[in-house]
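1. Sequence plus the predicted model coming up.
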Amino acid sequence: MGIKVNDIAFVRFQVPDLDVMQAFLADFGMHVAQRTDDTLYMRGTDAEGFVHVSHLGNEAHFIGFAFEANSVADLDELAAHDDFSDVIELDAPGAGRVVHATDPNGFRVEVVAGRSRVSRLPVRAAPIPNDAVTQPRRGVPLRLDAGPSHVKRLGHCVVDVIDFRASEAWYKQHFGLVTSDEIQLDERNVLGAFLRCDRADRYVDHHSVFLVGVGRAAFNHAAYEVADLDDLMTGHTHLTARRRHPQWGIGRHILGSQIYDYWLDPYGNMIEHWTDGDLFNNATPPNIADLASLLGSQWGPTHGAPPS
C-alpha cells in the first residue's frame, strides 16, 4: 500500500562549508530561509518554506530528497509500513510533519505534510514579446535588470540507481508515481524512466523524478524552475560573470521539452535552471523513447550530455 504524492519538495546535501554553498545558491537565484550553526535552508520565490537543505559535515555528499503529501493522514498511512519511520515534527522552516525511508539505493526519501506556507517573493512581470505575428510592445523599450535568475521552486530530482526495475517498483508502490517516458536501449534493455506525480486530471510536470539504471547509486542532478527564458538567460550571464562552472546548455530538451541550463555547485553537484516544460495528466499515456531522444536537444547541445 502507498499514497499519491503531490510534488517533489526539497533536496538534502552535506557540505563542509555553509558559507561557500550559500554564496553559490544566492548566485543561482535562491534566498536564505533559515540558517543555524549547522544547517542552511534556501528557498525560491514560491510559498514553500525551503527547496534546498545543506547540513555541515566533513565530506560533501548527497543525502536524499523529499515529496509533499496531501495530508498528515497520508504520512500515517506510510508510517504503518515497515519501510517508513514514525511520523515526527519537521524541524525546518514552515514546520509540519515528516516520515522517511531508505530507498533500494540507500537514498533518504522523506515525505512531508502540514507545512505552513510563507509569503511569496516578488518576481518581475514577464516581458511583453514582439514576434513575427504580433507586436504588442509599442513605444516602450525592453530592459532587463542584471542579476541572478529567480528560482521559483524545485521541479525534479534525477538519481542514478542500481536496479531500475526494483527502484521503479518501490517508488510507484509507495508514492503513486506514473511513467511519462521510459527509455529503452533495445527491445530487452531499459535504462530508466521519467516518473511524474499522479494527480488525476490535474496537470503536473512531465517528471518529478528520473531514475537512471546504471548499476550504481549516485546523485545526478536537481532542477529548479525559473521565471521564463529571459530570466534563465539573465541568470546564465550572472553565473558566468561570477565564474561559476557551467556543465551543459543552453538548449531545449526533447523529452519534457524544457529549456535547460546546467551548472555545478562548489562540491560538484549538478544543478539545473529550467523553464517552459511539458505538463501531463491522466489522459497522457506512457511513452517509450530511445537514448537519442534522451540525450538529444531540439536546439542547443546534442548527445553525450547528462539526462534531463
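-> Yes, it's here.

2. could you say which helix or strand contains the nearest residue to N287 once chain neighbours are set aside?
-> Excluding its sequence neighbours, the residue lying closest to N287 (C-beta to C-beta, 6 or more residues apart in numbering) is D181, at 4.9 Å. From N, CA and C alone the C-beta is placed, and that goes for glycine too. Here D181, judged by DSSP states H and E, is contained in strand 178-184.

3. Partner strands of that strand and their direction?
-> strand 190-196 (antiparallel), strand 287-289 (parallel) (DSSP bridges).

4. Tell me which of those strands sits most buried.
-> Relative to the other members of those, strand 190-196 carries the highest mean neighbour count by mean count of other C-beta atoms under 10 Å, namely a mean of 25.

5. could you point out which element follows that strand?
-> Next helix or strand after strand 190-196 toward the C-terminus (DSSP H and E): strand 204-205.

6. for the strand holding D181, what is the average pLDDT?
-> Strand 178-184 shows an average pLDDT of 98 in the prediction.

7. And the pLDDT at the spatially most distant residue from the centre of the chain?
-> For the chain, the residue at maximal distance from the C-alpha centroid (C-alpha atoms, centre = their mean) is G139, at 39.0 Å. The per-residue pLDDT reported for G139 equals 95.

8. Am I right that it is in a helix?
-> No: residue state for G139 (DSSP: H, G, I helix; E, B strand; the rest coil) corresponds to coil; a helix is not indicated.

9. Residue numbering should commence at 85 henceforth.
-> Yes, from this point I'll number from 85; that puts the last item at G223.

10. Phi, psi for it please.
-> The phi/psi pair for G223 (degrees, to the nearest 10) reads phi 80, psi 0.

11. tell me the SS of A157?
-> Three-state call for A157 (three-state DSSP): helix.

12. okay, now it: neighbour count?
-> Using other C-beta atoms under 10 Å, the number of residues around A157 comes to 11.

13. what's the distance between it and H139?
-> Separation of A157 from H139 (C-beta to C-beta, to the nearest Å): 29 Å.

14. Kindly provide the distance from P188 to A301.
-> In this structure, P188 and A301 are separated by 9 Å, where distance is defined by C-beta to C-beta.

15. between the two, what contacts are shared?
-> V245, I246 (C-beta atoms under 8 Å, 6 or more residues apart in numbering).

16. Touching, Y308 and H240? I think so.
-> No: using C-beta atoms under 8 Å, Y308 is not in contact with H240, being 9.3 Å away.

17. between the two, which one's more packed in?
-> The residue with more neighbours, out of Y308 and H240, is H240; 27 against 24, by other C-beta under 10 Å.

18. Pull the contacting residues for S169.
-> By C-beta under 8 Å, 6+ apart, S169 lies in contact with A163, V183, H184, A185.

19. and the last one, bridged to which residues?
-> In other words, A185. With DSSP bridges as the rule, A185 is bridged to F168, V193.

20. T186 contacts E194, correct?
-> No: with contact defined as C-beta under 8 Å, T186 and E194 do not form a contacting pair (10.7 Å).

21. out of these two, which sits in the more crowded spot?
-> Set side by side, T186 and E194 show unequal neighbour counts under other C-beta under 10 Å, the larger going to E194 at 21 against 13.
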